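Peer 1: A structural model of the following input is requested.
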Amino acid sequence: MNKIFPIKGVIFDLDNTLLDFMKMKEVAVKSAIRGMIEAGLEIDEIESFKDIISIYEEFGWENQ
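Peer 2: Okay, the predicted model is just below:
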């Protein structure tokens, strides 16, 4: 028999209160770049990171 448990609480983050958004974004971008390099894309890791950060700075951090 399936039991239905009521929601007792919800946790969410507002403006980097609980999680460091910028650090998480950095880790995600670097991980994606490394994955592409490992898959055979011939790019410079540091320059690619700088390029992506400049895109975020120009167009916004949330909409990418």
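
Peer 1: Flag every buried residue along stretch 36-43.
Peer 2: Residues of stretch 36-43 include none that count as buried (16 or more other C-beta atoms under 10 Å). C-beta: built from backbone N, CA, C; applies to glycine.

Peer 1: Contacts for that stretch next, please.
Peer 2: The contact list for stretch 36-43 (C-beta atoms under 8 Å, 6 or more residues apart in numbering) reads 33, 45.

Peer 1: Send me that stretch as CSV with only the CA atoms.
Peer 2: Extracted in CSV, the C-alpha atoms of stretch 36-43 (Å, rounded to 0.1, in the frame of the first residue of the first chain):
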residue,chain,number,x,y,z
MET,A,36,34.5,18.9,-24.1
ILE,A,37,38.3,18.7,-24.1
GLU,A,38,38.2,15.1,-23.0
ALA,A,39,35.7,14.4,-25.9
GLY,A,40,38.3,15.7,-28.3
LEU,A,41,37.5,19.4,-28.7
GLU,A,42,40.8,21.3,-29.2
ILE,A,43,40.4,24.4,-27.0
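
Peer 1: Now whichever helix in the chain runs longest: buried residues?
Peer 2: The longest helix of the chain (DSSP state H) is helix 21-38. By 16+ other C-beta under 10 Å, the buried positions in helix 21-38 come out as 25, 29, 33.

Peer 1: now the second one: how far from residue 50?
Peer 2: In other words, residue 29. Computed with C-beta to C-beta, to the nearest Å, the distance linking residue 29 and residue 50 is 10 Å.

Peer 1: Please name the nearest non-neighbouring residue to residue 30.
Peer 2: With C-beta to C-beta, 6 or more residues apart in numbering as the criterion, residue 30 has its nearest non-adjacent residue at 6.2 Å, and that residue is residue 49.

Peer 1: Next, the buried residues of the helix or strand hosting the one you found.
Peer 2: For residue 49, the host element (DSSP states H and E) is helix 45-59. Within helix 45-59, the residues scored as buried using 16+ other C-beta under 10 Å are 48-49, 52.
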